[in-house]
Each structure stands twice: as structure tokens, then as C-alpha cells.
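K.L.:
no sequence on this one, just coordinates:
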């Protein structure tokens, strides 16, 4: 069973389009994240939600809007896609409720977004 | 903000050799995690460290949480071809917001 699953895995779209990436976790975690990996493989956090509430919002363009309908799902919607948005987007989850394993983060397999 | 410096950036070794990579920070981290990313996949957790001085093994992998809480290393013994991939160190700073900061990654290639 996939712990953190995200769809689609590959997405090729034209500039100016709007697209969404969906994420679901079945680990019972209360915190979910979106990370972006650029062409140099650098991983950077974009957003974090704890129990459906936004707790981390890094400097990300307003065109990116996360939505968490419940604590097992965190979707990412991107408006007016630009060439520079091409990257791999990783969903992740963790338990942030404390304890020695509270902050271990588990990643999905990634969504490869190519904007042409 | 907090940053992690990971080295080396890449390594090309012979099968059977031992490998060592490390991560340093200018500020204190509360946890250190080591991940491996295979091509086309997401990062997979290898080892998690939660206490200064902690030394933890996972098969041929050994990692340590530095005493100063500003560094960590990962050793791989007797490397095999499937060890190929990108290894990332990551850590949580003192703010405990869950924000995980990543190093730049070490790309490992193993020659059979």
C-alpha cells in the first residue's frame, strides 16, 4: 500500500494553463507538505498544513494555492503556469504531535511538471 | 534562514568501497535525517537521528548526530551498485514548525 500517493506523476502543459496535483496519505499523519525540487535537485518546502490549517507558507507566488479538505489530503492548484514552474513537486506527510518520531517526514513519488 | 551544507556534491566509487558524506550547519538542529532518492522517485528515509551524539545503523549504513548539533555524517560500507542515487541530509531547526531543511544532495555513482 502506498503511504503517500500523488497524481498525476507526469504532467505536460502549456504556459498560461491552470493545473492541479492531488495528494493523499494513509499513514494517519496530521501534517502534510508540498516540496519543490528544481533542476539542480534542490528540495525546498512550499507549504505545510497541520489538521487542515496552513502553518508554513514560504515565499511562493500567489498562483500556487494549496487546499486541504481533510488531514489526509493536500492538493496543489497552480494558476497561469509559467515556464519556470517546471519542476518536480513532492507531497509529504508527518506526525508533528511530538515524541521521537514525530517529525519524520515521508515523501510521495513526485509529480513531474513540464510547462511548454 | 537556516541552511545545510552537504559534501561532497558527487562521488564516483568502485563497488566494495566505503563512502562517507556529511552535512554541516551554522545553527543548531534538533533532528537530522538522511534520505536517498532514486531516479524518478521521491526521497526515502534511511536513518533518523534525534539526540546529540546518537549513532544509528541501518544495514550497511551508519549515521551520527554531531555533539554540537550542527553536523551529521552518513557512512555506507562495502558499496554495491544499487547504492547509486542522490543522498540528502535534512534537519529540523529549533523552531519545531515541522519545516524540514535539506542539504544540496550528494550524487553517488558506483562502478561495478
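P.N.:
Nice, thanks for sending it over. The shown structure was predicted, so the numbers you read here are calculated from the model rather than taken from an experiment.

K.L.:
Please work out how many residues are found near the residue of chain B found nearest chain A.
P.N.:
At 3.8 Å from chain A, residue B:42 is the closest residue in chain B, using C-beta to the nearest C-beta. The C-beta positions use only the backbone N, C-alpha and C, and glycine is treated the same way. By other C-beta atoms under 10 Å in any protein chain shown, 22 other residues sit near residue B:42.

K.L.:
Verify the contact between it and residue A:112 for me.
P.N.:
No: using C-beta atoms under 8 Å, residue B:42 is not in contact with residue A:112; the gap is 11.1 Å.

K.L.:
partners of residue 45 in the sheet?
P.N.:
No chain specified, so I'll use chain A. Residue A:45 has the following beta-bridge partners by DSSP bridges: residue A:35.

K.L.:
was after chain B, sorry
P.N.:
Beta-bridge partners, per DSSP bridges, of residue B:45: residue B:35.

K.L.:
quick one: stretch A:79-88 near chain B?
P.N.:
No: Stretch A:79-88 does not reach chain B (C-beta under 8 Å from any C-beta of the partner chain); its nearest approach is 8.6 Å.

K.L.:
how far out from the middle of the chain is that stretch?
P.N.:
14 Å (C-alpha atoms, centre = their mean, to the nearest Å).

K.L.:
ditto for stretch B:43-51
P.N.:
8 Å.

K.L.:
ditto for stretch B:24-38
P.N.:
Worked out by C-alpha atoms, centre = their mean, stretch B:24-38 lies 6 Å from the chain centre.

K.L.:
Report the buried residues of it.
P.N.:
Within stretch B:24-38, the residues scored as buried using 16 or more other C-beta atoms under 10 Å in any protein chain shown are B:24, B:25, B:29, B:30, B:31, B:32, B:33, B:34, B:35, B:36, B:37.

K.L.:
And for stretch B:70-77?
P.N.:
B:70, B:71, B:72, B:73, B:74, B:76.

K.L.:
In a markdown table: those residues, plus distance to residue A:18, pLDDT and secondary structure.
P.N.:
Shown next, in a markdown table, are the buried residues of stretch B:70-77 (distance: C-beta to C-beta, whole Å; pLDDT from 0 to 100; DSSP: H, G, I helix; E, B strand; the rest coil):
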| residue | distance to residue A:18 | pLDDT | secondary structure |
| --- | --- | --- | --- |
| B:70 | 43 | 93 | coil |
| B:71 | 43 | 95 | strand |
| B:72 | 41 | 97 | strand |
| B:73 | 44 | 97 | strand |
| B:74 | 41 | 98 | strand |
| B:76 | 43 | 97 | strand |
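
K.L.:
From the residues you listed, pick the one nearest residue A:83.
P.N.:
Comparing these against residue A:83 with C-beta to C-beta places residue B:74 closest, at 35.4 Å.

K.L.:
Would you check that the closest one makes contact with residue B:8?
P.N.:
No: using C-beta under 8 Å, residue B:74 is not in contact with residue B:8, being 11.9 Å away.

K.L.:
and the next element down the chain from the worst-scoring helix or strand of chain B on mean pLDDT?
P.N.:
Least confident helix or strand, chain B: strand B:100-102 with a mean of 87, by mean pLDDT, DSSP states H and E. Moving toward the C-terminus from strand B:100-102, the next helix or strand (DSSP states H and E) is strand B:106-111.
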